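Visitor: Could you look at this predicted model? Sequence included:
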Amino acid sequence: MANLSNLKTQISNTQDIGKITNAMQLVASAKLRRIGKKVTETQEYVSEVYAIFNEIIKHSSESIYLKNSANDIKKTLWVVVNSNLGLCGGYNANVNKLVISNFKKEDQIYAIGSKAVSAYNSKKIKIKNECTDVDIDFSPAQAKQIGNELLSYYSSGEFNEIQIVYTKFINNVTFEPTKLRVFPIIKEETQETSSSYYSFEPSAEEVLNNAVTLYLSTIIFGTIVESQVSEQASRRLAMENATNNGKELEYNLSIQYNRERQASITQEISEIVSGANALMG
């Protein structure tokens with residue numbers, strides 16, 4: 001009878017947890033629909049800014065923002081985008097694994113999301129700065145503020161490389177951790193063509209120096225928005241799997257409960273029949 005009581009408690013607990021995971025799945029789905037519209041517009045905007053900035057880089061030769069092959073990368077600032085909440089599958093773990101696999105002793109972390117702060121504090125890794133007020137309402141103004149901080153770190157020579165590690169959104173079930181170098185900018189070697197649609201005054205280098213803030217804030221805004229979409233999609237998928245697994249567990253426990261109950265009833269009937277036969281004998 002004690003075993004039946006334990007099974008009944010397990011079934012009840014499984015049902016309660018299932019209600020919670022299902023509610024979290026619905027919340028994540030609603031957030032995903034809300035920010036999902038935003039990511040399409042953002043990707044188009046980032047693509048346009050990147051294309052124009054790439055054209056500026058093609059026409060630039062000397063700038064502190066361009067990669068100089070003579071200088072080795074000695075100290076990197078890793079801008080790590082994590083979530084503020086848990087229960088989102090491997091969303092945070094996959095990003096942090098990518099960072100750790102490329103991390104050098106002298107490097108530091110710029111932690112975005114409270115999960116990043118706790119993860120790197122637990123590993124005794126130095127955190128240069130942190131930003132935990134990031135959610136699905138992340139704004140270009142917030143991106144500009146982060147961008148200005150990163151720009152000051154790089155311009156002062158405190159770090160000679162800045163990398164952003166975020167989760168790239170591909171579709172509602174596919175998202176992958178991605179590493180993106182922000183500084184120094186790598187100038188791709190391309191053949192010059194006479195059909196350039198751009199001319200720069202007073203010079204491409206000066207335009208580059210003045211436009212770098214826009215470039216940086218756009219990259220940060222785009223990567224964090226993609227990360228936010230990926231976070232909600234990952235949480236929705238994780239909660240959906242948890243809900244389905246809970247239903248399967250509840251089904252198996254119910255079968256086990258019914259078998260145990262049937263065995264108990266059968267045993268009681270056998271004892272009654274045996275007692276009656278003994279009295280008759």
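Guide: Great, that's in hand.
Visitor: So which elements touch the lengthiest helix in the chain?
Guide: Criterion DSSP state H: the longest helix present in the chain is helix 204-280. Where contact means 3 or more CB pairs under 8 Å, 6 or more residues apart in numbering; DSSP states H and E, helix 204-280 is packed against helix 2-58, strand 76-81, helix 91-102, helix 140-155, strand 161-171, strand 174-183. The C-beta positions use only the backbone N, C-alpha and C, and glycine is treated the same way.
Visitor: and of those, who's closest to residue 129?
Guide: Among these, the nearest to residue 129 by CB to CB is helix 140-155 (6.4 Å).
Visitor: Output the contacting helices and strands for that closest one.
Guide: strand 76-81, strand 108-112, strand 127-131, strand 161-171, strand 174-183, helix 204-280.
Visitor: would CSV of these with mean pLDDT be doable?
Guide: Converted to CSV, these look like this (pLDDT from 0 to 100):
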stretch, mean pLDDT
strand 76-81, 93
strand 108-112, 94
strand 127-131, 91
strand 161-171, 89
strand 174-183, 88
helix 204-280, 84
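Visitor: who wins for proximity to residue 44 among those?
Guide: Closest of the helices and strands packed on helix 140-155 to residue 44 is helix 204-280, at 10.0 Å (criterion: CB to CB).
Visitor: re the thing from before, of all the helices and strands packed on helix 140-155, which one is nearest residue 148?
Guide: Closest among the helices and strands packed on helix 140-155, using CB to CB: helix 204-280, at 7.0 Å.
Visitor: And that closest one, how far out from the chain middle?
Guide: With CA atoms, centre = their mean, to the nearest Å as the basis, helix 204-280 stands 19 Å off its chain's centre.
Visitor: Could you do stretch 92-110 as well?
Guide: The chain centroid and the centroid of stretch 92-110 are separated by 14 Å, computed with CA atoms, centre = their mean.
Visitor: So what touches stretch 82-89?
Guide: 24, 91-92, 95-96, 111-116, 119, 132, 134-135, 231, 234-235, 237-239 (CB atoms under 8 Å, 6 or more residues apart in numbering).
Visitor: what do you get if the cut-off is 7 Å, keeping everything else the same?
Guide: Stretch 82-89 has contacts (CB atoms under 7 Å, 6 or more residues apart in numbering) with 24, 91-92, 95, 112-116, 119, 132, 134, 231, 234-235, 237-239.
Visitor: Stretch 237-255 now?
Guide: So stretch 237-255 is contacted by 7, 10-11, 14-15, 17-18, 21-22, 24-25, 28, 87-89, 173 (CB under 7 Å, 6+ apart).
Visitor: Can you get me a residue count around the nearest residue to residue 73 once chain neighbours are set aside?
Guide: Nearest non-adjacent residue to residue 73, counting by CB to CB, 6 or more residues apart in numbering: residue 161, 4.6 Å away. Applying other CB atoms under 10 Å, we find 20 other residues in the vicinity of residue 161.
Visitor: Show me what residue 161 bridges to in the sheet.
Guide: residue 76 (DSSP bridges).
Visitor: Also the one 5 residues further on?
Guide: On the basis of DSSP bridges, residue 166 takes part in beta bridges with residue 178.
Visitor: Could you tell me which residues within stretch 160-177 count as buried?
Guide: The neighbour-count check on stretch 160-177 (16 or more other CB atoms under 10 Å) flags 160-169, 172, 175, 177 as buried.
Visitor: cool, and stretch 116-128?
Guide: Judged by neighbour count using 16+ other CB under 10 Å, the buried positions of stretch 116-128 are 116-117, 119-120, 125, 128.
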